[in-house]
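**Q** Build me a structure from this.
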Amino acid sequence: MFNQYSIEKKELIVSTEIPYFCEKYYYDNNKKCRKYYEELSKEEHSDGLYQCPYGFSCYKCNGKIYSCLIVLGHSDFSKVNIHLKTYKQTLKDFTNYTISQLRTIIGHTEVLEHKQKILRLTIHDLKNATKHFMDLAENVKENADLAKKLEEDDELFSAIEGYSLIQYRLEYHDQLLNNNAVYGNEKRHINFHKMIMKLSKLLQYRGMKKDVSIEFHGYTNNYFWCSRDMYLASFIFIENAIKYAEQFTKIDIFFDDKDRNTTEVRIANICKNISEDEMKKIYKDGFRGEQAQTTSKGSGLGLGLAKKICDRSGVQLTTTFQEKDFKVGEFVVELKIQRDIVEKI
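**A** Here you go, the predicted structure:
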């Protein structure tokens, strides 16, 4: 929001519009800027508004100095105008704040930065805790007797593997936070049947809360050398199917090997009707349809992220909706995986 002088790092952090004059003079050791900020950083200078030697305003607050500001009723406009003209700029090229506006905006900024710091620390601790429990889960599965019990008991399996859900959700968070960035696009041999079966077992307890079951049809033994992120995309598709499925319905998951090089996976659920216009927008970042707005909280970013993962993984994604009556219809996500496509990435 504002350029800052970091008291801790002793450097100017440029993050928004800044007069050429300020930027140039700060890095010129012969000028007064750097010494001015170093002096203002000292504890004897309390938080509040200050004016720099060249007429611009700055605001000291909580270990930071918001700098290079033009503040009505505080900045020395006669000085500021002269220095801006040196580099062919004018007051109109920059936001001019009132003292009240500046304090309000900085107050809100400080609150948001504090919340973000807490969130970062919380996510960091969750990641460490999840890794710890997943390592323990791996140790449990190395015991042949316990591994056999896991295969025979879905509830025990979900209890042990449940930490994977936290890991998927944290990866989901990271990719959304970093604007869907690709983390190296790590690949591995993936059997989509095993992957989706595992995810469904982990997520089925969410479905039980609304009397929604999951049924599997068909089988595939094909393995594809594919982006590991397909785990996350599949998690999003199954989670969405459960989230929006009508109560007392079932989610059908179909596996179909067309040949040894091609597998199709379909995930179908019954949900409230979706208009043709909404179907055109479901993969648009931030879009939330009428059903999504009334059913649950969300960002409208999940399906957009899943599509990006499929696109960069070479997996063909098709989504359809077929109305059954005036209230509900069938929403289908179809994934077509072909060996010659995924191995070229």
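**Q** Next secondary structure after the lowest-mean-pLDDT helix or strand in the chain?
**A** Across the helices and strands of the chain, the lowest-confidence element by mean pLDDT, DSSP states H and E is helix 290-295, at a mean of 60. Downstream of helix 290-295, the next assigned helix or strand under DSSP states H and E is helix 302-313.
**Q** name the helices or strands packed onto that next one?
**A** helix 154-177, strand 224-227, helix 230-244, strand 316-323 (3 or more Cβ pairs under 8 Å, 6 or more residues apart in numbering; DSSP states H and E). Any C-beta I mention is one placed from the backbone N, CA and C, and that applies to glycine too.
**Q** Who are the packing partners of the longest one?
**A** The helices and strands touching helix 154-177, judged by 3+ Cβ pairs under 8 Å, 6+ apart, are helix 99-141, helix 144-152, helix 192-208, helix 230-244, helix 302-313.
**Q** Kindly report the same for the shortest one.
**A** For strand 224-227, the elements it packs on are strand 187-190, helix 302-313, helix 339-342, judged by 3+ Cβ pairs under 8 Å, 6+ apart.
**Q** List the neighbouring strands of the first one plus their orientation.
**A** Using DSSP bridges, the strands paired with strand 187-190 in its sheet are strand 224-227 (antiparallel).
**Q** List the buried residues of the partner strand.
**A** Within strand 224-227, the residues that qualify as buried are Phe224, Cys226, Ser227, counting by 16 or more other Cβ atoms under 10 Å.
**Q** of these, closest to Glu113?
**A** The closest of these to Glu113 turns out to be Ser227 (Cβ to Cβ; 34.0 Å).
**Q** Make sure the closest one is actually in contact with Ile309.
**A** Yes: between Ser227 and Ile309 there is a contact under Cβ atoms under 8 Å: 6.8 Å.
**Q** can you list contacts of stretch 91-103?
**A** 17, 19, 49, 57, 59, 69-74, 77, 80-81, 84, 105 (Cβ atoms under 8 Å, 6 or more residues apart in numbering).
**Q** okay, how far is it across it, tip to tip?
**A** Its start and end residues considered, stretch 91-103 measures 20 Å (Cα to Cα, to the nearest Å).
**Q** buried sites along it?
**A** Phe94, Tyr97, Leu102, Arg103.
**Q** where's the last one relative to Ser67, distance?
**A** If you measure Arg103 against Ser67 using Cβ to Cβ, to the nearest Å, the figure is 15 Å.
**Q** likewise Ser41?
**A** 11 Å.
**Q** Find the residues that touch each one of the two.
**A** In contact with both Ser41 and Ser67: Tyr5, using Cβ under 8 Å, 6+ apart.
**Q** Compare neighbour counts for the two and give me the winner.
**A** Ser67 (26 against 17; other Cβ atoms under 10 Å).
**Q** Would you confirm that the more buried one contacts Tyr25?
**A** No: counting by Cβ under 8 Å, Ser67 stays clear of Tyr25, with 11.5 Å between them.
**Q** Check Cys61 and give its pLDDT.
**A** For Cys61, the model assigns a pLDDT of 90.
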